[in-house]
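Trainee: Give me coordinates for this.
(chains A and B)
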Amino acid sequence: MRFTPTPEQQQLGDMVQRFFAEQYGFEARRKIVVSSAGWSREVWAKLAELGLLSLQIPEELGGIAPGVVETLLTATATGAAMLLEPWLSSAIVATVLIRELGSPQQRDEMLAPMAAGERIAVPAHFEPSARYDLETVATLARRTGRGWELTGQKSLVLHAPAADLLLVSARTSGGPRDTTGISLFAVPREARGVKLWQYRTLDGSCAADVELADAPGALIGAEGTAFAGMARAFDVALAARCAEAVGALQATLDATVEYTKTRQQFGVPIARFQALQHRMADMLIHVEQARSMSYLAAVRAAEPSTRERRRALSAAKVVVGNACRFVGQQAVQLHGGMGVTDEMAVSHLFRRLTTVEMALGDTAHHLEQFVAASTVAEEA
Amino acid sequence: MDLNFTHEELAFRDEVRAFIEANVPAETRRKVLEGLEVSRDETVGWQQALYRHGWGGPNWPKEFGGTGWDPVRQYVFEEESAAGGAPRLLPFGLKMVGPVIMRFGNAAQQKRFLPRILSGEDWWAQGYSEPGAGSDLASLKTRAERRHDRYIVNGQKTWITLAHHANWIFCLVRTDPAVKKQSGISFLLIDMKSPGVTVRPITLLDGTHEVNEVWFEDVEVPVENLVGEENGGWTYAKFLLGHERTNIAGVGVSKRELARLRRIASEEKKDGKPLLFDPAFAAQVAQVEVELMALEITNLRVLAAEAERRAPGPEASLLKIKGTEIQQAISELMMHAAGPRAMRFRGSDGPGASPTAPAYAGRVGANYLNLRKTSIYGGSNEIQKNIIAQTILGL
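Mentor: Model (predicted):
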């Protein structure tokens, strides 16, 4: 049992942190938020240059997969920076999807340009009525004379407007909630039959609902057996989300401590008041408990799929989700009126924490998943 | 980063498990697993059994006769002890005064006192709190006046856990009333059999006799029983409190109690089905369980950091708060699991108990009452939050 990264891993973590601190400060980020795209190609090129798009690329293709600790450290840094670029969607989820499901040729062809930052792929999986259900896929793929064609709707496709490729899950057989019969397809965002309804999420990231009407798709890997690989990719993503949350949580706590030390009322810094001190102590406990679970999630996500992995990941998301809500809400509260303005970093962090809590299953969802996984374990 | 036990650690776990299985008497194990009180003899007997095996000081370095185990092994030992129904090792000698004597005591004190802690010969009590000195510990008034080669001690200590079993007590006493309150405190080792020492029981809300008042009336203590420097006691006291908190997370015990909660909730039926499968109840249990999973890792992180620094840090406060919140939450859920039966109190188990109620029915309520102490003792949770605010957050 060991909790410290190797010197090389630590070096990478420090470098990422330094990069964001120097080049992705609050003002720099604000310019990107208000830009029409909502993300920056220059930043993306830098992330590629720093090697941050190769953390889930297999070694034989020049990456360092599984890159557990590297992904954890980088994700934590992206949380503190409130990164808007599609790192999680493309460098983590889409990369793992192709790595796990693609044929050797597809892996060769698709992963290198993604690692180089030349191509962005994002998963388009969840559907309008599926809530957080991974196995609910109603989008249909059928074989035609022109190849596979997909019809259906995908909801809240994060970073879809930034993507060159959408990795769309679609049913090639079975009923709407079967885990078998799900296949994965690469659909160019600009292909015919693809329509995007673009918007921003609460934290300013770009996203879209996607409508597919006989859109052409290239089957990735084998037909009908994508579910296990998808589950793995979304578990790696869940772990990265937990780590991302920890970065945002720590930044939120730091900002709050700093603010209460400078804000004067009744002739003293409000940090002197015990009611506020105890609140911040509670926030710290949440942050540290979340940090512990981000480690557990990272390590378990890389292990074979078992009930224990399901339990660990859902438990992590519950602890992290509770922390996101408590720390976010209290940080705004302790900033007083300033906390509800757009001008302060804390309101942006709060929005990020809120989004992270909802992403890939909210706290209630994962509490249910945890109970289900524990119950089966008990009956078995 | 690796959160799995190594092969060596797993082998060690198996070794500990086997030893506990073979050496904890069946009746003692039953009591511990069912949450019943164990006797003085059972506690001492277990310490002696460990001592004979060379494991008398699981958290002690080898140079003082300890096992020299690293934090992970110490943790594994605590967890296996709790799960296997071993009596709790007394913290007062092993985790409190022992480390203080190792760090600040002289060679003669180390030679005299440490082996008797390991062998179970001495049962120590902790003389810190006083009626007027609780959270504000440094305002303690028990007076020790130097007269030639001895101190004359007068005053009253309170909340002394198991002092009625103890033959030694370590005390914070005031040796200089003229200076700032933290600067006039000394750390004395007092033989409980000294003339002038009186122990009076305090009955707790669950009806048990666990803590005591200890009175000192012109008690003579030889100067060689002073630890470290006269008036240097506050430093040693804080060192000790740091150690006390490190072990207060109680992860192993909480895991065992969570298992007991699950057993009770599977026996209790709601609408004909085990309560454990009631979604609302299951969600409450799950909330506690995930917090405990996180605390286990937080605990190991703190232990690992301490091993590098070789001293407990302020993070121990976090463990104390979260650990006690979880212990209390489990005891509360256990009571709710038992339902109206949990209202039974004393005399409802043992001989003559009603045949319609399961054995746990008479205990879960009392256990809930008893565990309210955890967020008060060892530095109340509010004091711990002050420590976090001041030491970690710099407020």
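
Trainee: alpha carbons only for contacts and neighbour counts from here, please
Mentor: Fine.

Trainee: Show me what stretch B:307-327 is in contact with.
Mentor: Applying C-alpha atoms under 8 Å, 6 or more residues apart in numbering or on different chains, the contact partners of stretch B:307-327 are A:285, B:70-71, B:239, B:242-243, B:245-246, B:248-251, B:254, B:288, B:291-292, B:295, B:298-299, B:302, B:306, B:371, B:374-375, B:381, B:384-385, B:387-388, B:391-392.

Trainee: again, 6 Å this time
Mentor: B:G242, B:R245, B:T246, B:I248, B:A249, B:S254, B:E306, B:T374, B:S375, B:N381, B:Q384 (C-alpha atoms under 6 Å, 6 or more residues apart in numbering or on different chains).

Trainee: Show me the domain layout of chain B.
Mentor: Here the domain parsing of chain B from automatic domain parsing is B:7-89, B:124-231, B:250-392.

Trainee: B:I160 versus B:G98, what's the distance?
Mentor: 17 Å (C-alpha to C-alpha, to the nearest Å).

Trainee: and what of B:Q47?
Mentor: 21 Å.

Trainee: which element follows the worst-scoring helix or strand of chain B on mean pLDDT toward the C-terminus?
Mentor: Every helix and strand of chain B was ranked by mean pLDDT, DSSP states H and E. The lowest is helix B:233-246, at a mean of 81. Reading on from helix B:233-246 to the C-terminus, the next helix or strand found by DSSP states H and E is helix B:251-267.

Trainee: which helices and strands does that following helix pack with?
Mentor: Counting contacts by 3 or more C-alpha pairs under 6 Å, 6 or more residues apart in numbering or on different chains; DSSP states H and E, helix B:251-267 is packed against helix B:71-83, helix B:315-338.

Trainee: mind listing what's buried in the top helix by length along chain B?
Mentor: Using DSSP state H, we find that the single longest helix of chain B is helix B:279-309. Buried residues in helix B:279-309, counting neighbours by 16 or more other C-alpha atoms under 10 Å in any protein chain shown, are found at B:282-283, B:285-306.

Trainee: Out of those residues, which are close to chain A?
Mentor: By C-alpha under 6 Å from any C-alpha of the partner chain, the members of those lying near chain A are B:V290, B:A294, B:I297, B:T298.

Trainee: Who are the contact partners of the second one?
Mentor: Which is B:A294. A:Q289, A:S292, A:M293.

Trainee: what helix or strand is the second one on?
Mentor: The reference is to A:S292. helix A:274-301.

Trainee: What's the first helix or strand after that helix?
Mentor: Helices and strands here follow DSSP H and E; after helix A:274-301, the next one along the chain is helix A:307-334.

Trainee: tell me what that following helix is packed against?
Mentor: Counting by 3+ C-alpha pairs under 6 Å, 6+ apart, helix A:307-334 packs on helix A:274-301, helix A:345-358, helix A:363-379.

Trainee: residue ranges with poor pLDDT in the chain?
Mentor: Looking at chain A here, since you left the chain open. A:376-380 (pLDDT under 70).

Trainee: ah, no, chain B please
Mentor: For chain B, applying pLDDT under 70 flags the ranges B:244-247, B:310-313, B:346-352.

Trainee: which residue ranges form the helices in it?
Mentor: B:7-23, B:26-33, B:40-52, B:71-83, B:91, B:98-104, B:107-118, B:233-246, B:251-267, B:279-309, B:315-338, B:364-370, B:381-387.

Trainee: Make TSV out of those helices and add distance to A:S36.
Mentor: As requested, these are exported to TSV (distance: least, C-alpha to C-alpha, whole Å):
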stretch	distance to A:S36
helix B:7-23	55
helix B:26-33	63
helix B:40-52	70
helix B:71-83	52
helix B:91	63
helix B:98-104	63
helix B:107-118	71
helix B:233-246	52
helix B:251-267	51
helix B:279-309	41
helix B:315-338	45
helix B:364-370	58
helix B:381-387	45
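
Trainee: From the ones you listed, pick the one with the highest average neighbour count.
Mentor: Across the helices of chain B, averaging neighbours per residue (mean count of other C-alpha atoms under 10 Å in any protein chain shown) puts helix B:315-338 on top, at a mean of 24.

Trainee: Need the nearest residue in space to A:E303, chain neighbours excluded.
Mentor: Using C-alpha to C-alpha, 6 or more residues apart in numbering or on different chains and skipping residues adjacent in sequence, the residue nearest A:E303 is A:R309, 7.4 Å away.

Trainee: if we can go back for a sec, B:V38: which of the helices and strands packed on helix A:307-334 is closest?
Mentor: helix A:363-379 (30.1 Å; C-alpha to C-alpha).

Trainee: Run through who's touching the closest one.
Mentor: By C-alpha under 6 Å, 6+ apart, helix A:363-379 touches A:R307, A:R311, A:S314, A:V318, A:G321.

Trainee: show me what contacts the first one?
Mentor: Contacts here follow C-alpha under 6 Å, 6+ apart; on that basis A:R307 touches A:A373.

Trainee: Distance check, the closest residue to B:V197 other than its chain neighbours against B:E130.
Mentor: With C-alpha to C-alpha, 6+ apart as the criterion, B:V197 has its nearest non-adjacent residue at 4.9 Å, and that residue is B:F216. For B:F216, the distance to B:E130 equals 12 Å [C-alpha to C-alpha].

Trainee: OK, contacts around the residue nearest to B:V197?
Mentor: Applying C-alpha under 6 Å, 6+ apart, the residues contacting B:F216 are B:N154, B:G155, B:G196, B:V197.

Trainee: Just name the closest of the residues you listed to B:D206, please.
Mentor: When these are compared against B:D206 (criterion: C-alpha to C-alpha), the nearest one is B:V197, at 26.8 Å.

Trainee: Show me what from chain A comes close to chain B.
Mentor: Proximity of chain A to chain B, by C-alpha under 6 Å from any C-alpha, involves residues A:1-5, A:271, A:277-278, A:281, A:289, A:292-293, A:315.

Trainee: Max pairwise distance over those: which two?
Mentor: Greatest spatial distance in the residues of chain A next to chain B: A:M1 and A:A271, 37.8 Å, computed using C-alpha to C-alpha.

Trainee: Compare these two and say which is more crowded by neighbours.
Mentor: A:A271 (24 against 14; other C-alpha atoms under 10 Å in any protein chain shown).

Trainee: ok, residue 176 - how many residues close by?
Mentor: Picked chain A for this. A total of 17 residues lie near A:P176 under the criterion other C-alpha under 10 Å.

Trainee: try chain B instead
Mentor: 18.

Trainee: Also the one 5 residues further on?
Mentor: A count of neighbours around B:K181, defined by other C-alpha under 10 Å, yields 16.

Trainee: Would you map the helices across the stretch 1-150 of chain A?
Mentor: A:7-23, A:26-34, A:41-49, A:68-81, A:95-101, A:104-115 (DSSP state H, counting those that start in this stretch).

Trainee: now the fifth one, how far from the centre of its chain.
Mentor: This points to helix A:95-101. Computed by C-alpha atoms, centre = their mean, to the nearest Å, the separation of helix A:95-101 from the middle of its chain amounts to 16 Å.

Trainee: coming back round to it: quick one: closest of the helices of chain B to A:S347.
Mentor: Short answer: helix B:381-387, nearest of the helices of chain B by C-alpha to C-alpha, at 25.6 Å.

Trainee: Summarise which helices and strands that closest one is packed against.
Mentor: Packed against helix B:381-387 by the contact rule (3+ C-alpha pairs under 6 Å, 6+ apart) you find no helix or strand.

Trainee: and if we set it to 10 Å?
Mentor: Judged by 3 or more C-alpha pairs under 10 Å, 6 or more residues apart in numbering or on different chains; DSSP states H and E, helix B:381-387 is in contact with helix A:274-301, helix B:315-338.

Trainee: quick one: which of those is nearest A:A141?
Mentor: It is, among these and with distance given as C-alpha to C-alpha, helix A:274-301, at 29.3 Å.
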